[in-house]
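**Student:** Any chance you could fold what I've pasted below:
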Amino acid sequence: RAKMAGRAVFNRVEIGGNADALAVQRTYATARSVEFDAVLLAGTPGVGADAYGARDAKSPLPSPEQATHDPRVNLLLSEAFRHGKAIGAWKGAEASLEAAGVPVDAPGVIVGDSGPTTLEQIARLLGAHRVWERFPAED
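**Tutor:** Take a look at the predicted model:
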């Protein structure tokens, strides 16, 4: 199963006899939120040296010198939120959620104390495919 780690999505594979080797499949530059059913964020990633290229033109952040959060993470989180995806965070990741405009108290946004407890709550949300409560019906 694909997992997000730092700046890349990976699968555990066997490479050269090492069964725990990781093969990178996506990076922030090549992954988009539509590829994921949920997003889990462990901490607040720093701004990558390659964060400001032509591909990041839609990412809402000031100049690279003023940035405190990676614009690709902001884009991934804001898109996932707008698409009704479940979002989990722990280890200080609230700052990344806030930088992306994702309310930490919104339906389907889980801010936990640890990865396992956050994952357990996110797994329950995946059964509905989307967090429909985020979009209340208008009268």
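**Student:** If the residue nearest to the spatial centre of the chain is in a bridge, with which residues?
**Tutor:** Residue closest to the mean C-alpha point of the chain, counted by C-alpha atoms, centre = their mean, is residue 39 at 4.1 Å. Here residue 39 sits in beta bridges with residue 87, going by DSSP bridges.
**Student:** quick one: it from residue 49, how far?
**Tutor:** Taking C-beta to C-beta, to the nearest Å as the measure, residue 39 falls 23 Å from residue 49. Using the backbone N, CA and C atoms, a C-beta is placed for each residue, glycine as well.
**Student:** And residue 35, by the same measure?
**Tutor:** According to C-beta to C-beta, residue 35 stands 24 Å off from residue 49.
**Student:** what does residue 75 give?
**Tutor:** Noted for residue 75: a distance of 17 Å to residue 49, by C-beta to C-beta.
**Student:** These two - which one has more neighbours?
**Tutor:** Ranked by neighbour count (other C-beta atoms under 10 Å), residue 75 and residue 49 place residue 75 first, with 20 against 7.
**Student:** follow-up on the earlier one: and the residue nearest to the centre of the chain, what does it touch?
**Tutor:** By C-beta atoms under 8 Å, 6 or more residues apart in numbering, the residues touching residue 39 are 4, 33, 76-77, 80, 85-88.
**Student:** Looking at the helix or strand harbouring residue 119 now, give me its mean pLDDT.
**Tutor:** Following DSSP states H and E, one finds residue 119 within helix 115-126. Here helix 115-126 scores 93 as its mean pLDDT.
**Student:** Can you give me the buried ones in that helix?
**Tutor:** 118, 122, 125 (16 or more other C-beta atoms under 10 Å).
**Student:** can you count the residues close to residue 136?
**Tutor:** 8.
**Student:** Next, the contact list for it, please.
**Tutor:** By C-beta under 8 Å, 6+ apart, the contact set of residue 136 is empty.
**Student:** how about it, phi and psi?
**Tutor:** Per-residue torsions, residue 136: phi -60, psi 140 (degrees, to the nearest 10).
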